[in-house]
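> How does the following fold in three dimensions:
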Amino acid sequence: MNRPESLNAADAVMHRELAAVWGLLAADPGCRAVVLTGAGRAFSAGGDLPRMVATQQDQEIQDEVFAEARATVLGMIELPQPLIAAVNGPAVGLGASLVSLCDLAIASEKAFLADPHLGVGLVPADGAALLWPMLMGLMRAKEYVFTGERITAQQALEWGLVNRVVAPDDVLPDAVALAHRLAGHPARALRDTKRLMNLHASRVLVGMLDQALACERASVNSADHAELSMQLIAASEARVRSRGSARPGRA
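This next block holds a predicted model:
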């Protein structure tokens, strides 16, 4: 994910490409393992604010966004190759969902996970809220989905959300080394083993995904989300003005 200036928040292009890339990888006979990471200091800050507003205001865009969300979730969980998250920094909202949809995850000591959907009036439907209960227990998952509080890298390790926590400079090299190790296995055996071990997650997602996305879509169109979105925009504009006024030479 390569929008470091926006902490890899998913704009229209990234969201569309996240939906499409898994089918391309699945069909590539030369691809034996996949590493997903973010450019810069974040894994992904989640949804891009202008795209969120457009999704609320334009029903055609909304159709696209929810079709892409469904394709991303199913594409990741059904990807034949092992998929490793190199969590180099914050993984928030969609970012946290992407981590939960990977097979393995290596996280930086400075990384954290969070799902703040409820804080902006949205139902979380694209991964974390569906898979966290299976990974770390229902009551603990409810606490962190309901509150949106951060899960530190060490907590994520203890609760089964990531496999390893390493120094920041080691995240990507360790993930790539693990990918090469897995790619050394016979491809058919590895893919069939992954498919077998993913049966539980696949059944959870297939059984719940359409209902979850319908609930999120209803929340996108709610008055609460509209009001909270405007507050986010105002806060973002205020931060931009504040940074501008703080530049040297400015009155």
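
> mind listing the strands for the stretch 101-250 of the chain?
104-108, 112-114, 151-152, 164-166 (DSSP state E, counting those that start in this stretch).

> Quick check: mean pLDDT of the third one?
Looking back up the chat, that one is strand 151-152. Strand 151-152 carries an average pLDDT of 98.

> Okay, now the sheet partners of it, with direction.
The pairing partners recorded for strand 151-152 under DSSP bridges are strand 112-114 (antiparallel).

> Now the strand it pairs with: average pLDDT?
On average, strand 112-114 scores 98.

> Use 56 as the first number from now on
In the new count, where the first residue is 56, that last one comes out as strand 167-169.

> returning to what we had before: tabulate the strands of the stretch 156-305 of the chain (CSV), appending mean neighbour count and distance to residue 69.
Bear in mind the C-beta positions are built from the backbone N, C-alpha and C, glycine included. As requested, the strands of the stretch 156-305 of the chain are exported to CSV (neighbours: other Cβ atoms under 10 Å; distance: least, Cβ to Cβ, whole Å):
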stretch, mean neighbour count, distance to residue 69
strand 159-163, 25, 20
strand 167-169, 24, 19
strand 206-207, 20, 23
strand 219-221, 19, 26
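
> Apart from its neighbours in sequence, what residue is nearest residue 57?
residue 94 (4.5 Å; Cβ to Cβ, 6 or more residues apart in numbering).

> For the one you found, what is the enclosing helix or strand?
Secondary structure assignment for residue 94, by DSSP states H and E: no helix or strand.

> What score does it have for pLDDT?
At residue 94, pLDDT is 98.

> that older thread, let me have the strands of the stretch 156-305 of the chain in JSON lines, adding distance to residue 198 as columns.
Below are those laid out as JSON lines (distance: least, Cβ to Cβ, whole Å):
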{"stretch": "strand 159-163", "distance to residue 198": "20"}
{"stretch": "strand 167-169", "distance to residue 198": "12"}
{"stretch": "strand 206-207", "distance to residue 198": "10"}
{"stretch": "strand 219-221", "distance to residue 198": "21"}
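
> just to revisit the earlier point, for the residue nearest to residue 57, list the residues it contacts.
Contacts for residue 94 (Cβ atoms under 8 Å, 6 or more residues apart in numbering) come out as 56-59, 63.

> any idea which of those residues is closest to residue 259?
Among those, residue 56 lies closest to residue 259 (Cβ to Cβ), at 24.8 Å.

> so what's the closest one up against?
Counting by Cβ under 8 Å, 6+ apart, residue 56 makes contact with 63, 65, 69, 73, 91-94, 98-99.

> try 6 Å this time
By Cβ atoms under 6 Å, 6 or more residues apart in numbering, residue 56 lies in contact with 63, 93, 99.

> Then residue 268?
121, 180.

> rerun that using 10 Å as the cut-off
120-122, 124-125, 128, 178, 180-181 (Cβ atoms under 10 Å, 6 or more residues apart in numbering).

> could I get these as JSON lines with neighbour count, pLDDT and distance to residue 104?
What follows is the contacts of residue 268, written out as JSON lines (neighbours: other Cβ atoms under 10 Å; pLDDT from 0 to 100; distance: Cβ to Cβ, whole Å):
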{"residue": "120", "neighbour count": "26", "pLDDT": "94", "distance to residue 104": "14"}
{"residue": "121", "neighbour count": "19", "pLDDT": "94", "distance to residue 104": "18"}
{"residue": "122", "neighbour count": "13", "pLDDT": "96", "distance to residue 104": "21"}
{"residue": "124", "neighbour count": "24", "pLDDT": "94", "distance to residue 104": "17"}
{"residue": "125", "neighbour count": "18", "pLDDT": "94", "distance to residue 104": "22"}
{"residue": "128", "neighbour count": "26", "pLDDT": "94", "distance to residue 104": "22"}
{"residue": "178", "neighbour count": "19", "pLDDT": "92", "distance to residue 104": "18"}
{"residue": "180", "neighbour count": "25", "pLDDT": "87", "distance to residue 104": "19"}
{"residue": "181", "neighbour count": "28", "pLDDT": "80", "distance to residue 104": "17"}
